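>>> Give the three-dimensional model of this entry:
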Amino acid sequence: MNSAILNSWPEKKGRKKAKKIKWCSILTFSDVYMFEAEIYSNCRNHTLPAKPTLNTRSGFFYCNFDQIFFLPYEPISVFDIFKIGVGPSSSHTLGPWRAAQAFIRSLEEKGLLSDLIHLQVLLYGSLAKTGKGHGTDIAIQLGLAGYDPVEIDTSGIPSVIETIRDKKSLEPGLSIRFEPSEDIIFLMNESLPHHPNALSFLADFKGYPSISETYYSIGGGFIEKGAGSHAEKKTVQLPFPIDTAGNLLHWCRKTGLSIHEVVLENELAWREDAEIKKQLGKIWKVMRECMYKGCHMEGVLPGGLQVNRRAWLTP
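From the prediction side, this is the model:
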């Protein structure tokens with residue numbers, strides 16, 4: 001299934017304005033497609049052959065298409081889905097953290113890191129509007145300061161952020177002056193067209209022209225650098241390609257393997273069996289620790305939204 005963001009359709013003269021379309025889901029098994037009615041306008045990625053017809057009872061638009069759009073082949077590992085990181089959000093916390101790390105690596109590759117004298121970060125769209133509650137600004141500071149979301153001791157994050165604020169420095173990662181309240185800018189009324197979760201790094205250097213790099217946090221901790229550019233990933237050919245639940249059932253019936261056995265065979269295309277079990281063990285350990293911590297801590301959740309912890313109340 002593929003998706004495209006749509007906008008309002010031209011209305012016929014004298015006709016009352018119809019609902020606008022928000023999300024278009026293209027179903028590849030039929031030449032008839034359904035559209036969930038809501039807001040937004042102008043089809044960004046695809047041109048539709050005709051105005052859809054609104055079914056007022058279901059709230060869905062229906063339209064015939066002449067073309068089916070397919071997603072590119074891009075197999076993902078279990079470890080692309082289950083990630084160890086700092087929350088509360090993979091798209092608003094982990095993604096921006098990874099973007100900050102990627103920007104530092106980019107400067108290192110260009111040989112510019114030692115000449116950096118000033119840095120600003122611009123947050124757009126959803127990252128700007130909900131970034132405070134999701135800890136987006138905290139994640140960026142930690143990424144720029146050289147901390148990794150997998151390895152960091154989460155209990156020490158408040159003291160690290162306090163040190164950055166008081167010393168106005170991103171050490172040990174960067175030795176430049178950095179004032180979070182001034183150098184992380186929340187552009188509440190600005191969005192970039194490629195994706196709502198966008199952030200730009202603006203860097204000044206001693207003896208070199210300034211540069212800017214834009215990253216998009218596209219969900220699940222994945223990031224893209226620039227519009228439409230995907231991070232380089234090792235492409236593998238899976239023994240049991242799976243795009244749908246039907247594919248998974250097909251392989252189970254054909255091979256006699258259970259679901260977890262099919263998934264394991266695919267994982268072996270990326271790494272050895274011992275490494276898979278070792279990494280899964282780490283993830284399970286972190287899951288248990290998170291559950292235990294959540295069930296045994298009182299008070300308010302971090303993030304500034306004053307949300308009370310509830311799990312500890314459950315008998």
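
>>> mind saving the C-alpha coords of the helix or strand where residue 159 lies as CSV?
Residue 159 belongs to helix 157-167 when assigned by DSSP states H and E. The C-alpha coordinates for helix 157-167 follow below in CSV (Å, rounded to 0.1, in the frame of the first residue of the first chain):
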residue,chain,number,x,y,z
ILE,A,157,20.4,13.2,31.2
PRO,A,158,19.0,16.0,33.5
SER,A,159,22.5,16.8,34.8
VAL,A,160,24.0,16.8,31.3
ILE,A,161,21.4,19.2,30.0
GLU,A,162,21.8,21.4,33.1
THR,A,163,25.6,21.6,32.5
ILE,A,164,25.1,22.5,28.8
ARG,A,165,22.7,25.3,29.8
ASP,A,166,24.9,26.6,32.6
LYS,A,167,28.3,26.4,30.8
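
>>> ok, longest helix in this structure?
Longest helix of the chain, by residue count under DSSP state H: helix 273-295.

>>> Other residues contacting it?
Outside helix 273-295, the residues within contact range by CB atoms under 8 Å, 6 or more residues apart in numbering are 78-79, 82, 84, 264, 267-268, 271, 309, 311-312, 314. All C-beta atoms are positioned from the backbone trio N, CA, C, and that covers glycine.

>>> Ok, stretch 103-119 next?
143-144, 146, 173-174, 176-178, 183, 201-208, 211, 213, 215, 225.

>>> Narrow those residues to those in strands?
Judged by DSSP state E, strands contain the following of these: 174, 176-177, 201-205, 211, 213, 215, 225.

>>> Counting neighbours, which of those residues end up buried?
With burial judged by 16 or more other CB atoms under 10 Å, the buried subset of these is 174, 176, 201-203, 205, 213, 215, 225.

>>> pLDDT for the residues you listed - can I get that in CSV?
As requested, those are exported to CSV (pLDDT from 0 to 100):
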residue, pLDDT
174, 89
176, 91
201, 96
202, 95
203, 94
205, 94
213, 94
215, 95
225, 90
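
>>> Run me through the strand neighbours of the helix or strand following the helix holding residue 159, direction for each.
Next helix or strand after helix 157-167 toward the C-terminus (DSSP H and E): strand 169-170. Here strand 169-170 is paired, per DSSP bridges, with strand 174-177 (antiparallel).

>>> residues making contact with the strand it pairs with?
104, 116-119, 144-146, 168-170.

>>> and stretch 148-159, what's its mean pLDDT?
The average of the pLDDT scores along stretch 148-159 is 90.

>>> okay, how far is it across it, tip to tip?
16 Å (CA to CA, to the nearest Å).

>>> Buried residues, that stretch. List them.
Applying 16+ other CB under 10 Å to stretch 148-159 flags 149, 157 as buried.

>>> Give the rounded mean pLDDT of stretch 99-108.
94.

>>> Off-centre distance for it?
Remark: stretch 99-108 is offset 17 Å from the chain centroid, using CA atoms, centre = their mean, to the nearest Å.

>>> circling back to that earlier point, kindly reformat the buried ones among the ones in strands among the contacts of stretch 103-119 as JSON lines and extend each row with distance to residue 277.
Putting these into JSON lines (distance: CB to CB, whole Å) gives the following:
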{"residue": "174", "distance to residue 277": "37"}
{"residue": "176", "distance to residue 277": "42"}
{"residue": "201", "distance to residue 277": "38"}
{"residue": "202", "distance to residue 277": "44"}
{"residue": "203", "distance to residue 277": "42"}
{"residue": "205", "distance to residue 277": "46"}
{"residue": "213", "distance to residue 277": "37"}
{"residue": "215", "distance to residue 277": "33"}
{"residue": "225", "distance to residue 277": "33"}
